[in-house]
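Enquirer: sequence and computational prediction follow.
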Amino acid sequence: MNKPEFRTSPAISLTRRQFVTRSAALAVVGLPFLTTRRVLGANDEIRMALVGCGGRGDHHISKFGSQKGVRFVAVCDPDRVRLKAAADRIEKKYKYRPAEIVDVRKLMERKDVDAFAIATMQYWHSLPTIWACETGRHVYVEKPLAHFIWEGRQMVNAARKYNRLVEVGTQGRSRETDRQCIEFIRSGQLGKIQYIVCFANKPRSSIGKRAEPLPIPDTVDYELWCGPARKEPIYRDRLQYDCSFIWNTGDGESCNQGVHELDIARWLLGETGAPRRVMSIGGRFVFNDAGDVPNTQICYYDYPSAPVLYEVHNLRVDKNSKEAPNFRGSKTDVCVQCEGGYVMMHAGRVVDNNGKEIKRFTGGEDHFENFIKALRTGNRGDLRADVLDGHISTNICHAGNISYRLGRKATAAEMRAQIGNLPLFQEMLDRYLAHLKAHDVDPGESILGPWLEWDEANERFKDNAEANKLVRGFYRKPFDVPEVKA
């Protein structure tokens, strides 16, 4: 059987000057200069390394490790408790034990790794992805792709420059239900798309608000754990997953979950970039904790093909309820309203304008399997969620959050005035205000973000220096994300 071929990477044919320059750049963060490039045949063992040994990392262990011909040769995490637990799980489940490595830079030195599975929080996605590509390995990286828009582009550039396969964990691209729904909508049987409402009704709890900083366990290398993020005291109750709800290390629900729904909406519409303008309203209500990302948020994404709206509710239906809010009976989904009815994409439900379900689609997903298949064929076209798609869809989420982060407190009347003649946005605001009322929250505590216009060619906002600072991002030395010229 013919083995797949990958074209020669520029990393293999450097001049002496280029070699010295590249070696010096990598030495800043202690990364060795090497290129490990093995052509994978259909029957060859694929040797993987897991970076990030939390809950999602455990899922990677199950989904990759159970595939024939795939073996974890190493696991990596700055938390030694999590690191050991991951190695223990692999040993118990698959009867072999991987190497345990605390520092991801040391992991890059290994020559027995074909692909990396990156399951860290998103502020630690870009560096190992870029380093893996530079050293000749392929990557499966979780969503959202990047913590900042600019660094996402560097990840795309690294994949292209070194001709590596990089897949993003937006598994809706591999979900049969969503695919069938897209085919059905595109067939025209429900008429034209009028608008799309994406939503995440996911109840969360307070992350706490400590008077004294959280003690960092001796088992955690906190310098490495922070990496490119600011190294600062922790005033929440837990170190790990709750870092999603701090801007320093996280991007909130509208990005962490939202990238799934917005990716499906963009895929359906055939849009190849971010919306031409965006605006967001929201706030962090009731919790009174150390979090600073919104737990209630609405975003309007102005696409020319159809408006896309996003709603986040981390609070319950009302202050006395244990139930999550819903949109037309669903809690987290993509509702595509067409002339003849609507489709709930994840649920696979097609409903006519009289409220009658007229069709239902079902099917599972095989996203992790898709990555392994693409490694064996060597064909980027076999990836269902290529790094570029992940980058574009993540940009949508970041755009909404940047509007929010530049916002100010405003009254409901000021919100309505800024929204203007956009009936769908006004209706979404009505739902938002009703939700606040159900929790006895003053609407004036909301943050009203500005309208931001997007410059697709340059992947930045038009005439807004403050917004573009958040596009570029901030990094802590020596963990600066390098600029990569494709």
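Expert: Done, it's in. Numbering: from 1, shown residues only.

Enquirer: could you pull out the strands for the stretch 301-450 of the chain?
Expert: 308-313, 332-338, 341-344, 349-352, 357-360, 408-409, 447-448 (DSSP state E, counting those that start in this stretch).

Enquirer: oh, that last question was meant for the stretch 51-200 of the chain, not what I typed.
Expert: Assigned by DSSP E, counting those that start in this stretch, the stretch 51-200 of the chain shows strands spanning 70-76, 99-101, 115-118, 138-141, 166-168, 193-201.

Enquirer: run through who's touching the third one.
Expert: In other words, strand 115-118. 46-52, 57, 60, 64, 124-125, 128-129, 132, 137-142, 371, 375 (Cβ atoms under 8 Å, 6 or more residues apart in numbering). Where you see a C-beta, it was placed from the backbone N, CA and C, and this is true even at glycine.

Enquirer: what subset of the residues you listed is buried?
Expert: 46-52, 57, 60, 64, 124-125, 128-129, 132, 137-142, 371, 375 (16 or more other Cβ atoms under 10 Å).

Enquirer: quickly list what the nearest residue to residue 306 once chain neighbours are set aside is bridged to.
Expert: Leaving aside its chain neighbours, residue 306 sits nearest to residue 193 (4.8 Å; criterion: Cβ to Cβ, 6 or more residues apart in numbering). For residue 193, the beta-bridge partners under DSSP bridges are residue 338.

Enquirer: do I have it right that residue 193 meets residue 338?
Expert: Yes: counting by Cβ atoms under 8 Å, residue 193 does reach residue 338; the two are 5.5 Å apart.

Enquirer: show me the common contact partners of those two, please.
Expert: residue 185.

Enquirer: residue 49 in helix, strand or coil?
Expert: Put simply, residue 49 is strand when judged by DSSP: H, G, I helix; E, B strand; the rest coil.

Enquirer: from now on call the first residue 880
Expert: Let's use 880 as the start, then, which means that last one is residue 928.

Enquirer: isn't it right up against residue 956?
Expert: No: Residue 928 is beyond contact range of residue 956, at 11.3 Å (criterion: Cβ under 8 Å).

Enquirer: list the residues that contact residue 1167.
Expert: Residues near residue 1167 by Cβ under 8 Å, 6+ apart: 1085, 1088.

Enquirer: that one in helix, strand or coil?
Expert: Going by three-state DSSP: residue 1167 is coil.

Enquirer: residue 971: neighbour count?
Expert: 9 (other Cβ atoms under 10 Å).

Enquirer: so what's it up against?
Expert: Not one residue lies near residue 971 by Cβ under 8 Å, 6+ apart.

Enquirer: and residue 1132, how many neighbours does it have?
Expert: When neighbours are counted by other Cβ under 10 Å, residue 1132 comes out with 26.

Enquirer: now it: how far from residue 1243?
Expert: In this structure, residue 1132 and residue 1243 are 25 Å apart, going by Cβ to Cβ, to the nearest Å.

Enquirer: one more: residue 1269?
Expert: In terms of Cβ to Cβ, residue 1269 sits 21 Å off from residue 1243.

Enquirer: please apply the same query to residue 1311.
Expert: Taking Cβ to Cβ, one finds residue 1311 at 34 Å from residue 1243.

Enquirer: secondary structure class for residue 1177?
Expert: Following three-state DSSP, we place residue 1177 in the strand state.
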